[in-house]
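Asks: Dropping the sequence and predicted coords here.
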Amino acid sequence: MAKKIKMVCYGVRKTEKLFFETLNKNYGYDLTLIEEYLTKDNIETAKGHEAVMVRANCDCYEQNLLKMKEYGVKYLLTRTVGYNHIDLKKAHELGFEMAYVPGYSPNAVSELAVSMGNGLLRNLFYSANHQQNHNFKIDDFMFAKEIRNSTIGIIGTGRIGYQAAKAWHGMGAKVLGYDIYESDQAKSILTYCDLKTLIKESDLISLHCPYIKEENYHLVDKNFLAKMKPGSVLINVVRGELMDLDAVYDAVKSGHLKGVGLDVLENESKVFFKDFAGKPTPDNITNKLLSLYPRIIVTPHIGSYTDEAVKNMIEITYENLKVILSGQECKNKI
């Protein structure tokens, strides 16, 4: 049993509360669960807690970090794989002990990628949009290539990319893969090739690579898109920074791409988790993308919003704190 400690957790959705409470029976933390994300406006809610648990889009930059330090917070845990929402330099300078979640259910994100991809390949979103207008005529755009006759390109063949490749392979598609680290496991269901070949031959490309600013910022740019097959589909459920969204908009608007599925945006903090009640968002490129619905589908970063993924993220974070409190070296230390 872990030491009794007060921890405030931000961004806890109603559907997640039961997981937080049930899993905590094995740890005994004194929890405060807050549905809102951590911002400068609600930082005072961290008062009286030694530990803070955050998720992506929580504000863990200098001003909030200074407040946390002032309030006596010692431990900063993020239940995410990425941690670019934390000013690491300042956090280390202030002496916070931090940890992250190295991974969670790979099926969660891969299932969303495959669902989006298949929906766009078979024109489901397009057809459903026609149905909403009481239009049941079949037009030329609805004509589809069967998935078993298609080539799927997977960029990044780690745990999530492998599961996506496995699903499409199971439907009979030819699957190509590109990764700087090739996986022997993945070789049983896909064929590795260079990036140029993958882009040229794929009917659908799904991104599953990590975002590394110095190496692949705007990997999908005007040049990348121009090399894609006319009428192909692009899926990004990883990181918004991997794509030049203006170039993506132009590629769909011109008809070069058939469709694009996005669960992430480069400026998503301006848009996601907010209701604009049918009015334009404050982000111009997002508004442009939305104008091309149903050929561009945008979901609000729901890739990890599944029972298994949430369970994994919470449990690993609880365990990270337990290890830190025990005085041992946490393998997931930031």
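Replies: Arrived safely, thanks for sending.

Asks: going forward, measure contacts and count neighbours with C-alpha atoms only.
Replies: OK.

Asks: for the protein, what spans make up the helices?
Replies: Here the chain has its helices, by DSSP state H, at 17-23, 62-71, 88-93, 106-121, 124-132, 159-170, 195-201, 213-216, 222-227, 245-253, 284-290, 307-325.

Asks: Counting neighbours, which bits of the longest one end up buried?
Replies: In terms of neighbour count (16 or more other Cα atoms under 10 Å), helix 307-325 has its buried residues at 309-325.

Asks: repeat for the first one
Replies: Of all the residues in helix 17-23, those buried under the rule 16+ other Cα under 10 Å are 19, 20.

Asks: so what does it touch, helix or strand wise?
Replies: On a contact count with 3 or more Cα pairs under 8 Å, 6 or more residues apart in numbering; DSSP states H and E, helix 17-23 meets helix 307-325.

Asks: Only C-alpha atoms, please: export the helix it packs on in PDB.
Replies: The C-alpha trace of helix 307-325 is given here as PDB (Å, rounded to 0.1, in the frame of the first residue of the first chain):
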ATOM      1  CA  ASP A 307     -11.900   1.600 -21.400                       C
ATOM      2  CA  GLU A 308      -8.600  -0.300 -21.700                       C
ATOM      3  CA  ALA A 309      -6.500   2.700 -22.600                       C
ATOM      4  CA  VAL A 310      -7.900   4.800 -19.800                       C
ATOM      5  CA  LYS A 311      -7.300   2.000 -17.300                       C
ATOM      6  CA  ASN A 312      -3.700   1.600 -18.500                       C
ATOM      7  CA  MET A 313      -2.900   5.300 -18.200                       C
ATOM      8  CA  ILE A 314      -4.400   5.700 -14.700                       C
ATOM      9  CA  GLU A 315      -2.900   2.500 -13.300                       C
ATOM     10  CA  ILE A 316       0.600   3.200 -14.700                       C
ATOM     11  CA  THR A 317       0.500   6.700 -13.300                       C
ATOM     12  CA  TYR A 318      -0.600   5.400  -9.900                       C
ATOM     13  CA  GLU A 319       2.300   2.900 -10.000                       C
ATOM     14  CA  ASN A 320       4.800   5.600 -11.000                       C
ATOM     15  CA  LEU A 321       3.900   7.700  -7.900                       C
ATOM     16  CA  LYS A 322       4.000   4.600  -5.700                       C
ATOM     17  CA  VAL A 323       7.600   3.800  -6.900                       C
ATOM     18  CA  ILE A 324       8.700   7.500  -6.500                       C
ATOM     19  CA  LEU A 325       7.300   7.600  -2.900                       C
END
